[in-house]
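Peer 1: I'll drop the sequence and a predicted model, then ask my questions.
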Amino acid sequence: MVPILLDINVMSRLFVVALTLVSIALAPSTARAQDALTVSFTTTPRGGEFAPSNVLAVWIEDAAGTFVKTIGRYAAVRTEHLVAWVLAAGPGDVDALSGATRISHATPLSVTWDFTNKLGQPVANGIYTIRMETADQNSVTAAQNNQGTFTVNKNGTASMQTVAGGGFENVIIDYAPNANAGNAADCDNGAVDPGETCDPPGSCPTTCQATSDACIVNQLVGSAAQCTAECVESAVTACIDGDGCCAAGCSAVDDDDCGPGGGGGGVTTGPVFGGCSASDASSGSLVGWLLIFGLLALPRRRRRRR
């Protein structure tokens, strides 16, 4: 067998290539700096025949109104009745199947967007529209559904806004630029750096404890994976039956948690009695006791002696 002799220059080049490959393999991985958007919100009923059950879609459009990506969808069936979403995304869109058809509006929701389009490509800076739609009936037009339209400016400056409209309440839009800059000083280094709310990700909240005030909701915003998750309290502004809160501007006509005086954003403490708060029930009980004492005070008829 004839030995193969390698030129010393070839050997040195092979050694350099091997050393480079080992250096790359051992080097700490870095992630691309990436903006993040978290949208938390509460839905309200439209009054359709399936209420309070409802289907929901949340999607993004650019400044020209062009569909970018679905970031949340709760619908096992009847997605065709999310008319505005189907028109924007197309009937075959299957992005972000977040859950099944919802059975109530009691639980606040939170969806996230990494500022990529449907193909996973990063989008440019600019104004983007957050579209929301719920349906609780066999809708054939978008006007039959609740629709919310909100905007966010991807410009590299962090922002948080609380808005409402179109049947969507307590909408918190949290924009975090460069949420994961991918270096040793960022998420998952065991230290809460500027722009973070928790670190490591395993220490971040995944649920939020309910408050003792039914008119204040505690919502999870941000992302544990990006070390930005936190619980944020906000006031209930929707008139919803049976949630224990008579929100500001609500009355007994549109919220059975309200008494005759209407809502001032106050919680109904204690149990609810037939659409009235416990305080209303107390006044009613006083009237009842007065009636009882009045009946007891009436003269009794004397029995005849046999």
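Peer 2: Yep, it's here. Residues are numbered from 1 along each chain as shown.
Peer 1: how close does residue 159 sit to residue 176?
Peer 2: Using C-beta to C-beta, to the nearest Å, one gets 9 Å for the distance from residue 159 to residue 176. For the C-beta atoms, the positions are set from N, CA and C on the backbone; glycine is no exception.
Peer 1: Have a look at those two and say which one is more surrounded.
Peer 2: residue 176 (23 against 14; other C-beta atoms under 10 Å).
Peer 1: So in terms of bridging, what pairs with that one?
Peer 2: For residue 176, the beta-bridge partners are residue 36 (DSSP bridges).
Peer 1: buried set for stretch 208-220?
Peer 2: Neighbour counts using 16 or more other C-beta atoms under 10 Å place 208, 213-220 of stretch 208-220 among the buried residues.
Peer 1: And those, which is closest to residue 61?
Peer 2: Checking these against residue 61 with C-beta to C-beta, the nearest one is residue 219 at 24.1 Å.
Peer 1: Which strand or helix spans the closest one?
Peer 2: Following DSSP states H and E, the helix or strand that holds residue 219 is strand 216-221.
Peer 1: Can you identify the element that follows that strand toward the C-terminus?
Peer 2: Scanning forward in sequence from strand 216-221 by DSSP H and E, the next helix or strand is strand 230-235.
Peer 1: So for that following strand, mean pLDDT?
Peer 2: Averaged across strand 230-235, pLDDT comes to 82.
Peer 1: go on, stretch 90-101?
Peer 2: Within the predicted structure, the mean pLDDT of stretch 90-101 is 70.
Peer 1: What is the end-to-end distance of that stretch?
Peer 2: Taking C-alpha to C-alpha, to the nearest Å, the first and last residues of stretch 90-101 lie 19 Å apart.
Peer 1: For residue 224, give me its contacts.
Peer 2: Neighbouring residues of residue 224 by C-beta atoms under 8 Å, 6 or more residues apart in numbering: 198, 201-202, 204-206.
Peer 1: Compute the distance between it and residue 37, please.
Peer 2: With distances defined as C-beta to C-beta, the gap from residue 224 to residue 37 amounts to 15 Å.
Peer 1: Which element, helix or strand, includes the spatially closest residue to residue 73 that is not a sequence neighbour?
Peer 2: Of all residues beyond its chain neighbours, the one nearest residue 73 is residue 57 (4.8 Å), with distances taken as C-beta to C-beta, 6 or more residues apart in numbering. Using DSSP H and E, residue 57 sits within strand 55-61.
Peer 1: could you say what helices and strands that strand packs with?
Peer 2: Of the remaining helices and strands, those touching strand 55-61 by 3 or more C-beta pairs under 8 Å, 6 or more residues apart in numbering; DSSP states H and E are strand 67-74, helix 83-89, strand 109-113, strand 126-135.
Peer 1: switch to 10 Å and redo it
Peer 2: With contacts defined as 3 or more C-beta pairs under 10 Å, 6 or more residues apart in numbering; DSSP states H and E, the packing partners of strand 55-61 are strand 36-43, strand 67-74, helix 83-89, strand 97-99, strand 109-113, strand 126-135, strand 146-154.
Peer 1: So which of the ones you listed is the most surrounded?
Peer 2: Each of those was given a mean neighbour count from mean count of other C-beta atoms under 10 Å, and the largest, a mean of 24, is that of strand 36-43.
Peer 1: residues contacting residue 87?
Peer 2: Residue 87 makes contacts with 67, 142, as judged by C-beta atoms under 10 Å, 6 or more residues apart in numbering.
Peer 1: quick one: pLDDT of it?
Peer 2: In the predicted model, residue 87 carries a pLDDT score of 95.
Peer 1: mind checking how far it is from residue 131?
Peer 2: With C-beta to C-beta as the criterion, residue 87 and residue 131 are 11 Å apart.
Peer 1: got any residues that touch both of the two?
Peer 2: Residues touching both residue 87 and residue 131 by C-beta under 10 Å, 6+ apart: residue 67.
Peer 1: Do me a favour and get the end-to-end distance for stretch 46-63?
Peer 2: Criterion C-alpha to C-alpha; first-to-last residue distance in stretch 46-63 is 28 Å.
Peer 1: And the average pLDDT for that stretch is what?
Peer 2: What stretch 46-63 shows for mean pLDDT is 95.
Peer 1: neighbours around residue 106, how many?
Peer 2: Under the criterion other C-beta under 10 Å, the count of neighbours that residue 106 has is 12.
Peer 1: Please name the nearest non-neighbouring residue to it.
Peer 2: Closest residue to residue 106 apart from its sequence neighbours, by C-beta to C-beta, 6+ apart: residue 243 at 6.7 Å.
Peer 1: Next up, identify which helix or strand that neighbour is on.
Peer 2: Assigned by DSSP H and E, residue 243 belongs to neither a helix nor a strand.
Peer 1: Quick check: the gap between it and residue 233.
Peer 2: For residue 243, the distance to residue 233 equals 16 Å [C-beta to C-beta].
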